[in-house]
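fold the stuff below for me.
(chains A, B and C)
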Amino acid sequence: MSTKTFSVTIRVWRQSAAGRPGRFVDYPVAGVSPDMSFLEMLDVVNDGLTLKGEEPIAFAHDCREGICGTCSLTIDGKPHGPHEGVATCQTYMRSYKEGDLIVVEPFRARAFPVQKDLVTDRSAFDKIQQAGGFITARTGSAPDANSVPIAKGVADLAMDAAQCIGCGACVAACKNSSAMLFVAAKVSHLGLLPQGQPERDRRVLSMVRTMDSLGFGGCTNQYECSAACPKLISHDFIARLNRDYAKAVFRTAFEPVAAGGGGEG
Amino acid sequence: MDLVPNLFGSTIGRKLIMAVTGLLLILFVIGHLVGNLQVFEDPDKINGYAHFLQSLGPTLWAVRIALLVVVGLHIWAATVLALESRHARGDEPYAVRRWLRATFASRYMRWTGYVVLAFIVYHLAQFTLGYAQPDSFKTNLAHYTMRSDYHVLGITVVRAGTEVLDVRTMVIRGFSNPLVSVFYIIAVGLLSLHLLHGAESLFQTLGLKDDRWAAGLRLVVTLGCAAYFLGNLSIPGSVLAGILR
Amino acid sequence: MAKLESKVPPGPLADKWQSYKASMRLVNPANKRKYEVIVVGAGLAGSSASATLSELGYKVSNFVFHDSPRRAHSIAAQGGINAAKNYQNDGDSVHRLFYDTLKGGDYRARESNVHRLAEVSANIIDQCAAQGVPFAREYGGLLANRSFGGAQVSRTFYARGQTGQQLLLGAYSALSRAVAGGGVTLHTQMEMLDLVVVDGHAKGIIARNLVTGEVTRHTADAVVLATGGYGNVFNLSTYARGSNATAIWRAYKRGACFANPCFTQIHPTCIPVSGDYQSKLTLMSESLRNDGRIWVPKRKEDRLKPPGSIPEEDRDYYLERMYPSFGNLSPRDISSRAAKRVCDEGRGVGETGLGVYLDFGEAIGRLGEAGVRERYGNLFDIYHEITNENAYKVPMRIFPAVHYTMGGLWVDYDLMSNVPGLFVLGEANFSDHGANRLGASALMQGLADGYFVVPYTIGNYLATQKPGSRPSVDRPEFLQAKQSVDAGTARLFGINGKQPVSHFHKRLGHLMWQYCGMARTREGLEKGLKEIPALRAEFWENVKVPGSADSLNQSLEQAARVGDFLELGELMCRDALARDESCGCHFREEHQYPDGECKRDDEHFAHAAAWEYAGEGKEPVRNVENLNYESVKMSVRNYK
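Numbering: from 1, shown residues only, chains lettered A, B, ... in the order given. So this is what the prediction gives:
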């Protein structure tokens, strides 16, 4: 709880609305406390701008404890700022020192268009999820939770994947703006569990098709995504996704299909 | 059912195509290198080997066409993926761009790929088609007479006394030109770099990689690429150094 | 006066829900698709309700101010979810969970609702496991449990320290499936700004598109609010910054009663405040209290000494001392007040003196550092990020913070408010937690309401409404409501004052914490009732809202929310003043036993107070729903 404060300059991307041209604007920030979070520093800047009659910097944020996945800044070229395994909201100003110039940009990708300043539209992730990121289990139809035992190792691995907070840092960090880590996390989480088996092939084919159609790029196995991931989700899940996809492609191509027919009733 | 669209029409499908074609090409370049290293042995070896390959006739053409298709698919998939990726990035670039962990080799795959492609074209022109250095091309050289039998898997495929093309002399004369040699060395260097990422990456794409042995894989691939480079370096290197003459 | 009919079904407590379900009115499947339901909010309750209602065949429109339904603050719940599964064979049962919850709430919840909650709790775990929620498991593959405050059985299911996240992602996946199937239309980045009441029934909402600023009218046969709690009235809390009371507050102003607004849970284990710029208090999961021991120095003089230098005999493990049978796992309200008490005595640690130690020294000795890391690693990491301190070496410093609001819109047994057609789920309603919520019960309630209660009970209402009878959005009620929203926005821009919104929010937070926080007095509350309206008047004269209404404008969003908080804060003080007793989290210093415990007044206050809006500038009406306990005897809560 140091009371010593310092000054930095932030260079922030300002863009009035989607599709409008944007530019960088420098703002000096004095009185920065090392215990401030990065977003609290922006709050202070915004209050100052408001008092000066300027429009505050729009930035996405909500829970401020690293779990909702709303915050989304690229700070000095790295999504979520300088540290590993944390979101922007968990980045503290003690990472900076007097006189630093900090460049703050939105998460950039064609599939994540800027809505204003640093706020981007990441609804593409919802669309991928809707394409198959679920296990069909109608409410009320579930068997007793202990009727399907799941080995601890499998459950733990599924949890590793399921931790994804859907922030989009993987896309922002990837030179191809690929959403593979996000999709891999979903596909692995559900595909590892016995409950997820019936829809496994459909799921992976459909989610990948949707991912591609939304304009995300392909994976070139550089693993920038997992390095930028605030939950450090492993790129091994991408290998798993690739394997699942290949299996699904061949399985669905050669497995027999029911002829259907017959009547209702 | 949807096999073709799922493979050719999706990013992962195209990556799988890249990985499988890449794997085939890796096997080819390794085999090619091993064959070529016979240049260090008795002239019967490399010349007999070349003659044997030539004598395969339709099979050789089948293999050549298959290789061209594989290379074509590899380039096609790479091109489509690269264009998609560029589009995916959007119009506004980052002002500050930082690499977090991407390996050096992985960052320049496109460029090493271009050079490798140019090299393949030159290589074929030089040693297969004879366009590049016609005076030292094998068909323009005196024939070589085999002094002993050449065997493949214990079977005699080229008998002693057979008149064959003098591939060995072609190679040595070709590499006597320092410009050609240097280009060749740079090209195989970049090819090795290309393989450094490609050989490791294909395990990921085929879904075989796992964090537990990723480090081991990287070590094996690195050593393999180094060996590959040294193997390729040895031929023009020895010619320039006057060891091979 | 509003009519508060709780509509608790007759019959023995344990059979009420079953027999009620069997006798409820039904909507035939072909008619269900003719009904449209608006669900506001996409947390556990909103997502699960939207998904389930659409599975039943209703047409659902889900409105959420977040950019994705997955961002709702349910996601931040760390510790777990209770369920009466008795998988541990430790004697748990529906009745025991019911009893613990009711007792935990200090007998200020509706008995029948709490029992139903306990009944459906087991179904929730089944449902979530079937959806692929990766609950923690034992080596044998069966589900693992941990224990939580206020219970002597181990009935809490969890997914590392991210249970809320995993449950929400489960509900979100069900919602996503419903969206893909066309059953739910998703309206993200849309904030509800008014409720439309037509002929006394809730029939629609007015919502603002947060990106374009467009304000639109939406009609429905019923409206479901699942918009969470209002703890951000305190400014500093463990809530997400966006969490707000606007939806329920505007519904209140359209006639829905607001019950027990003063019941605010203060969570004992949060990271202490570090400075004035602070926007957020971070919770350290209650599960830490399973292995961490809470203490302060016995002597004031030791409070700034390095904790390691204070010998065992000079430490006061005050929870273990005061509540030997529950010890460090005493309920939240009790633990929070105990922390306040030792800090008031001047024994609080850290520079501000507002902190107590949560010490893992003993646990590390018992389990090893690796064992502690395995259980709580992510929490220790969070602590390190925020404080730059290593809790494996130095004890954590914690302090209570606002965490949950038990109060909310009044609802009957069907979870319908006194405005017919308006259903309220999850934290937004008042029904299940009484005056204090037990740990791991919020997730349970949100999902119970959304998966297993409202899907049944909404039919009971819709069956009385003619299919296709929902009003046109061109009705005067819709136009009037939109006009009032537009006028509110114009008013905010018109002020053009000299202070940013945050200035007023911070000041309101200070007032609320001081007068309506962990301990309340008549005198303080009366002061609050003077100072809050004055602050509100100042807000409406001096706030500055930059930018325009026709684009993304976070200042405008915040201004509207804080404007509502400034009204709600006053109602909370009013409620706390009127409730002249102590119960659960509501601690009136005038009413305590000599040992500092809450002194309830069951004779006069065994009721829910449901406040009814009486118009601008008029004092709201306090309606009362008496709480009758048929199956349990109200006793003094005792965790000793």
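
going forward, measure contacts and count neighbours with C-alpha atoms only.
OK.

skipping adjacent residues, who's closest to whichever residue of the stretch 151-265 of chain A sits closest to chain C in space?
In the stretch 151-265 of chain A, the residue that lies nearest chain C is A:Ala151 (4.4 Å; C-alpha to the nearest C-alpha). Nearest non-adjacent residue to A:Ala151, counting by C-alpha to C-alpha, 6 or more residues apart in numbering or on different chains: C:Gly141, 4.4 Å away.

re the thing from before, distance check, the residue of the stretch 151-265 of chain A closest to chain C against C:Gly132.
Distance, A:Ala151 to C:Gly132, by C-alpha to C-alpha, to the nearest Å: 14 Å.

tell me which of the two has more neighbours.
Higher neighbour count among A:Ala151 and C:Gly132: C:Gly132, with 29 against 15, using other C-alpha atoms under 10 Å in any protein chain shown.

got the residues of the stretch 151-265 of chain A near chain C?
A:151-153, A:155-156, A:158-159, A:162-163, A:189-190, A:193, A:195-196 (C-alpha under 8 Å from any C-alpha of the partner chain).

what's the local residue count around B:Asp91?
11.

err, C:Leu53, not the other one
28.

which residues does residue 164 contact?
No chain in the question, so chain A it is. Shown in contact with A:Cys164 (C-alpha atoms under 8 Å, 6 or more residues apart in numbering or on different chains): A:Phe182, A:Ala185, A:Lys231, A:Ile233.

hmm, no, I was thinking of chain B.
B:Asn47, B:Gly48, B:His51, B:His143, B:Tyr144, B:Thr145, B:Met146.

if we use 6 Å, what do you get?
B:His143, B:Tyr144 (C-alpha atoms under 6 Å, 6 or more residues apart in numbering or on different chains).

got phi/psi on A:Lys78?
With angles defined as degrees, to the nearest 10, A:Lys78 sits at phi -120, psi 130.

beta partners for it?
Bridge pairing for A:Lys78 (DSSP bridges) gives the partners A:Ile75.

please see if the longest helix along chain B touches chain A.
Assignment by DSSP state H gives helix B:58-89 as the longest helix of chain B. Yes: counting by C-alpha under 6 Å from any C-alpha of the partner chain, chain A is contacted by helix B:58-89 at B:Glu84, B:Ser85, B:Ala88, B:Arg89.

ok, C:Val424 - contacts?
C:Val224, C:Leu225, C:Ala226, C:Leu415.

B:Lys138 now?
B:Leu165, B:Asp166, B:Val167, B:Met170.

got any ranges where the chain has weak pLDDT?
Chain wasn't specified; assuming chain A. A:1-3, A:261-265 (pLDDT under 70).

look at chain B instead
Along chain B, the model assigns pLDDT under 70 to residues B:1.

again with chain C
Across chain C, no stretch falls below the confidence threshold (pLDDT under 70).

quick one, strands of the chain?
I'll assume chain A. All strands of chain A, identified by DSSP state E, fall at A:6-15, A:22-32, A:73-75, A:78-79, A:101-106, A:114-116, A:119-120.

hmm, I had chain B in mind actually
Under DSSP E, chain B gives strands at B:144-145, B:150-152, B:155-158, B:163-164.

among those strands, which comes closest to A:Lys175?
Proximity to A:Lys175 (C-alpha to C-alpha) singles out strand B:150-152 among those, at 47.6 Å.

name only those of the contacts of B:Lys138 that count as buried.
Neighbour counting with 16 or more other C-alpha atoms under 10 Å in any protein chain shown marks B:Leu165, B:Asp166, B:Val167, B:Met170 as buried within the contacts of B:Lys138.

and the second one, what does it touch?
B:Asp166 sits next to B:Lys138, B:His143, B:Tyr144 when contact means C-alpha under 6 Å, 6+ apart.

likewise C:Ala245?
Contact analysis of C:Ala245 by C-alpha under 6 Å, 6+ apart lists C:Tyr230.

got it, and C:Gly547?
Going by C-alpha under 6 Å, 6+ apart, C:Gly547 touches A:Glu55.

buried sites along the longest helix of chain B?
Across helix B:58-89, burial judged by 16+ other C-alpha under 10 Å covers B:67, B:70-71, B:73-75, B:77-78, B:81-82, B:84-89.

residues near residue 246, how many?
By default, I'm working from chain A. For A:Ala246, using other C-alpha under 10 Å, the count is 23.

please go with chain C instead
For C:Thr246, using other C-alpha under 10 Å, the count is 22.

now it: how far from A:Gly31?
Distance of C:Thr246 to A:Gly31, given as C-alpha to C-alpha: 33 Å.

next: C:Thr457.
Remark: distance between C:Thr457 and A:Gly31 (C-alpha to C-alpha) = 55 Å.

between the two, point out the one with more neighbours.
A direct count of neighbours by other C-alpha under 10 Å for C:Thr457 and A:Gly31 places C:Thr457 higher, at 21 against 13.

before we move on, what SS does the more buried one have?
Classification of C:Thr457 using DSSP: H, G, I helix; E, B strand; the rest coil returns helix.

which non-adjacent residue is nearest it?
Take C:Thr457 and drop its neighbours on the chain: the residue closest to it by C-alpha to C-alpha, 6+ apart is C:Asp414, 5.1 Å away.

surely that neighbour is within a helix?
No: counting by three-state DSSP, C:Asp414 is not part of a helix but coil.

I'd guessed it sits against C:Pro455; true?
No: between C:Asp414 and C:Pro455 there is no contact under C-alpha atoms under 6 Å: 9.9 Å.

on that earlier part again, filter the contacts of C:Val424 down to just the ones in strands.
C:Val224, C:Leu225.

show me where chain B has its helices.
Along chain B, the stretches classed as helices by DSSP H are B:3-8, B:11-36, B:43-55, B:58-89, B:104-107, B:109-123, B:167-176, B:178-205, B:211-240.

figure out which of those is closest to A:Val208.
Nearest of these (C-alpha to C-alpha): helix B:11-36, 7.8 Å.

can you name every helix or strand that that closest one contacts?
Contact here means 3 or more C-alpha pairs under 6 Å, 6 or more residues apart in numbering or on different chains; DSSP states H and E; on that basis helix B:11-36 packs against helix B:58-89.

which elements pack onto the helix it packs on?
If you count contacts as 3+ C-alpha pairs under 6 Å, 6+ apart, helix B:58-89 packs onto helix B:11-36.

now with 10 Å, please.
Judged by 3 or more C-alpha pairs under 10 Å, 6 or more residues apart in numbering or on different chains; DSSP states H and E, helix B:58-89 is in contact with helix A:169-173, helix B:11-36, helix B:43-55, helix B:109-123.

the third one packs against which elements?
Same thing as helix B:43-55. Counting contacts by 3+ C-alpha pairs under 10 Å, 6+ apart, helix B:43-55 packs against helix B:11-36, helix B:58-89, strand B:144-145, strand B:150-152, strand B:155-158, strand B:163-164, helix B:167-176.

closest to C:Glu523 out of the ones you listed?
Per C-alpha to C-alpha, nearest to C:Glu523 of these: helix B:58-89, 61.3 Å.

break the chain into its domains for me.
Just going to use chain A. According to automatic domain parsing, chain A comprises the domains A:6-116, A:122-254.

other chain: chain C
C:267-403, C:476-609.

against chain B, how distant is C:Arg116?
Computed with C-alpha to the nearest C-alpha, to the nearest Å, the distance linking C:Arg116 and chain B is 47 Å.

for C:Ala220, same thing?
Taken as C-alpha to the nearest C-alpha, the span from C:Ala220 to chain B is 40 Å.

what do you get for A:Lys152?
Distance from A:Lys152 to chain B, by C-alpha to the nearest C-alpha: 19 Å.
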